[in-house]
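Enquirer: Test case, fold it:
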Amino acid sequence: MTISLRSEWPGQCQRLVIKIGSAALAHPETGVDQNRMNQITADCCRLLQAGIEVIVVSSGAIQVGRRHMPGEADGSIAYLQACSAVGQPLLMRYYTQSFHLYKRQCAQVLLTHEDMRDGKRILNLKNMMNKMLLAGITPILNENDSVSYAEITVGDNDQLAAMVTEMMEADGLVILTTPDGLYDRDPGLGNAQSLRQVAFDERFEHLNLAGKSSVGRGGMITKLEAVRKLTPLGIPVVLATYNKDQPVLEALAGGGTFFEGSPTATQKARHRWLTASARLGATIKIDRGAGEAVLNNRSLLPSGIHHVEGSFRRGDCVKILCGNRIVALGLVEYSAAELRKIQGRQSQDISRILGYCPSKVAVHKDNLVLREDAP
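Expert: Numbers count the residues shown, from 1 in each chain. Got it, this is the predicted structure:
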């Protein structure tokens, strides 16, 4: 079987990651729209038949679990975690039934950000998934919401899909969502213009991206965050609607919006990993002097930091902003709470303020990736 790829697609396609949002599977009575799942699964199996390996990143466990949770919904983290624990095996039962229609097998893989930041875990995960793909088994990945909390959560499955795409060296990512691609404003407001192709260095400054899915955690902003983790690496992304008879195949053939990958991407493997694993919402803002130092391949010192946003731990990858521009990504030597205590202070003051000093720098130059192309 031959798969039709849009003319913009660079080279061959041997491995794809497909991200399926909660809205794509939502059903008011059962929690999962089995017919739509079958349409997506059928496309996955056609890709497998054509020799293209498929990795699926799927949301939906919490919404399925809600249908089967007794008692009153209180909206607490514990309640949502319980819904996820109940819903995940039910969601996988739907997927298993769907893949069996086409005599194919799938498997569940649950992950947290902790799994994606540890080198040994990443290696074990890659080996396991490569073994499954070689056997013709489709991995179904989801964030492990039943155990996730602020410090270890990926943030949403858009970010997880981007990280997995890079980790598994896939040739592209397809994100299935409600609108058929990217628009310059919310399509529901009227007079919205669709964007069919987006250059890898587009900054999205003219777009109104407010709003999010009614059933999921993500919105268009988080999807573009995921896109911009991959396109600098030369990996293309397609954002398209699930409301088609063959949603994946039509997206690959020309539907939705195509985000081109950088044609000059030359990052080393470590730099690729840093770019894809940046924690969502984790940001360090620095002054102009520190920005010049970073761009001249020098370490970032606490004295150059004037603001810290988000929750992160030592060893996480965060964005580094100078003004409104992302100048680099880097692995931090201190947690967010620690950096807030030492920001703007000299390195010799760290021991007195914290009571310890594992490093005199906030981010070492060897753990920095410059991002002058970022929005």
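
Enquirer: from what I can see, Gly261 looks like it's in a helix, true?
Expert: No. Under DSSP: H, G, I helix; E, B strand; the rest coil, Gly261 sits outside any helix and is assigned coil.

Enquirer: and it, what does it touch?
Expert: Gly261 is in contact with Pro10, Phe200, Leu230, Thr231, Pro232, Leu233, Gly234, Ile235, Pro236, Val237, counting by Cβ atoms under 8 Å, 6 or more residues apart in numbering. In short, each C-beta sits where N, CA and C put it, glycine included.

Enquirer: List the buried residues for the helix or strand hosting Val174?
Expert: Val174 is part of strand 172-177, with elements assigned from DSSP states H and E. Of the residues in strand 172-177, Gly172, Leu173, Val174, Ile175, Leu176, Thr177 count as buried by neighbour count, 16 or more other Cβ atoms under 10 Å.

Enquirer: Show me which pair in the contacts of Gly261 is furthest apart.
Expert: Across the contacts of Gly261, no pair lies farther apart than Pro10 and Pro232, at 14.3 Å, counting by Cβ to Cβ.

Enquirer: Who has more neighbours out of the two?
Expert: Remark: of Pro10 and Pro232, Pro232 carries more neighbours, 23 against 14, as counted by other Cβ atoms under 10 Å.

Enquirer: wait, isn't the more buried one in contact with Thr275?
Expert: Yes. Here Pro232 lies in contact with Thr275, judged by Cβ atoms under 8 Å, at a distance of 6.2 Å.

Enquirer: what sits against Gly11?
Expert: Gly11 makes contact with Asp171 under the criterion Cβ under 8 Å, 6+ apart.

Enquirer: Next, it: secondary structure please.
Expert: For Gly11, the assignment made with three-state DSSP gives coil.

Enquirer: Now do the phi/psi pair for it.
Expert: Here is the backbone geometry of Gly11 (degrees, to the nearest 10): phi 70, psi -160.

Enquirer: Only alpha carbons, please: show the longest helix anywhere in the chain as CSV.
Expert: Using DSSP state H, we find that the single longest helix of the chain is helix 77-100. Output of helix 77-100 as CSV, limited to C-alpha atoms (Å, rounded to 0.1, in the frame of the first residue of the first chain):
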residue,chain,number,x,y,z
ILE,A,77,-6.2,16.7,42.0
ALA,A,78,-6.9,13.4,43.9
TYR,A,79,-10.3,13.1,42.2
LEU,A,80,-8.8,13.6,38.7
GLN,A,81,-6.0,11.2,39.5
ALA,A,82,-8.6,8.6,40.6
CYS,A,83,-10.5,9.2,37.3
SER,A,84,-7.3,8.6,35.4
ALA,A,85,-6.6,5.4,37.3
VAL,A,86,-10.1,4.1,36.5
GLY,A,87,-10.2,5.4,33.0
GLN,A,88,-6.8,4.3,31.7
PRO,A,89,-7.5,0.5,31.5
LEU,A,90,-11.0,1.3,30.0
LEU,A,91,-9.4,3.5,27.4
MET,A,92,-6.9,0.8,26.5
ARG,A,93,-9.8,-1.7,26.2
TYR,A,94,-11.3,0.5,23.6
TYR,A,95,-8.0,0.8,21.7
THR,A,96,-7.3,-3.0,22.0
GLN,A,97,-10.8,-3.7,20.5
SER,A,98,-10.2,-1.2,17.7
PHE,A,99,-6.8,-2.5,16.7
HIS,A,100,-8.1,-6.1,16.8
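
Enquirer: in the helix or strand following that helix, what counts as buried?
Expert: Scanning forward in sequence from helix 77-100 by DSSP H and E, the next helix or strand is strand 105-111. Buried residues in strand 105-111, counted by 16+ other Cβ under 10 Å: Cys106, Ala107, Val109, Leu110, Leu111.

Enquirer: again, but for stretch 72-81
Expert: Using 16+ other Cβ under 10 Å as the test for burial, stretch 72-81 gives Tyr79, Leu80, Gln81.

Enquirer: and if you look at stretch 86-97?
Expert: For stretch 86-97, by 16+ other Cβ under 10 Å, it's Val86, Gly87, Gln88, Leu90, Leu91, Met92, Tyr94, Tyr95, Thr96.

Enquirer: low pLDDT regions in this structure?
Expert: 1, 117-119, 145-155, 205-206, 208-218, 265-270, 372-375 (pLDDT under 70).

Enquirer: mind giving me the domain split of it?
Expert: Annotated domains of the chain cover 15-271, 281-370 [automatic domain parsing].

Enquirer: Distance from the longest one to the middle of the chain?
Expert: Pointing back at domain 15-271 there. Its chain's C-alpha centre and that of domain 15-271 lie 8 Å apart, by Cα atoms, centre = their mean, to the nearest Å.

Enquirer: and what of the shortest one?
Expert: Relative to the mean C-alpha coordinate of its chain, domain 281-370 is positioned 23 Å out (Cα atoms, centre = their mean).

Enquirer: Between the two ends of it, how far is it?
Expert: Taking Cα to Cα, to the nearest Å as the measure, domain 281-370 stretches 18 Å from start to finish.

Enquirer: again with stretch 337-352
Expert: Its start and end residues considered, stretch 337-352 measures 16 Å (Cα to Cα).

Enquirer: go on, stretch 97-113?
Expert: Where stretch 97-113 begins and where it ends lie 29 Å apart, using Cα to Cα.

Enquirer: which residues sit against that stretch?
Expert: Residues outside stretch 97-113 that contact it (Cβ under 8 Å, 6+ apart): 34, 37-38, 41-42, 44-45, 48, 56, 88, 92, 95-96, 125, 128-129, 132, 136-144, 147-148, 152-155, 160, 279, 316.
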